[in-house]
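*Asks:* sequence first, predicted model second:
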Amino acid sequence: QVQLVESGGGLVQAGGSLRLSCVVSGGTLINYYMGWFRQAPGKEREFVAVPAWIGSTYYRDSVKGRFTVSRDNAKNTLYLQRNSLKPEDTAVYYCAAALRLVGDRAGAYYYWGQGTQVTVSS
């Protein structure tokens with residue numbers, strides 16, 4: 001059974017950085033299209049960074065230039081490096097896996113992690 005486990009969340013001041021990790025177990029990272037999503041209190045879940053065509057990544061506008069997705073296939077781990085954090089980045093962050101390219105449609109991702117809380121103080 002495929003499981004995704006996020007880590008790396010916490011409390012950080014505005015302008016700081018955090019790197020989130022998502023470890024895939026029960027499966028191989030390279031077999032999945034991996035995305036990052038987040039959900040702030042009282043808001044719907046939204047995409048942060050999702051796979052696009054030809055191995056590229058599609059970032060939501062509010063995080064472009066600040067967030068970067070990377071992966072270590074040998075460790076079966078996906079990362080989300082987040083710099084210049086803002087209070088509006090406060091949310092629970094999730095990684096998700098799909099078996100095909102599904103873009104930013106959260107409902108189309110099949111596997112989800114439990115989420116990791118990130119709080120950015122002003």
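*Replies:* That came in fine, so what should we check first?

*Asks:* and the residue nearest the centre of the chain, what are its bridge partners?
*Replies:* Residue closest to the average C-alpha location in the chain (Cα atoms, centre = their mean): residue 36, at 2.5 Å. Counting by DSSP bridges, residue 36 forms beta bridges with residue 49, residue 95.

*Asks:* separation between it and residue 94?
*Replies:* Look at residue 36 and residue 94: by Cβ to Cβ, to the nearest Å, they are 7 Å apart. Quick note: C-beta positions are derived from backbone N, CA and C, even for glycine.

*Asks:* what's the neighbour count on the closest residue to residue 1 other than its chain neighbours?
*Replies:* Once flanking residues are discounted, residue 1 sits nearest to residue 26: 5.0 Å by Cβ to Cβ, 6 or more residues apart in numbering. Applying other Cβ atoms under 10 Å, we find 10 residues neighbouring residue 26.

*Asks:* excluding chain neighbours, what is closest to residue 8?
*Replies:* In this structure, residue 8 finds its nearest non-sequential neighbour in residue 20, 4.2 Å apart by Cβ to Cβ, 6+ apart.

*Asks:* partner strands of the helix or strand that contains the one you found, parallel or antiparallel?
*Replies:* Using DSSP states H and E, residue 20 sits in strand 18-25. Its sheet considered, strand 18-25 pairs with strand 3-7 (antiparallel), strand 77-82 (antiparallel) by DSSP bridges.
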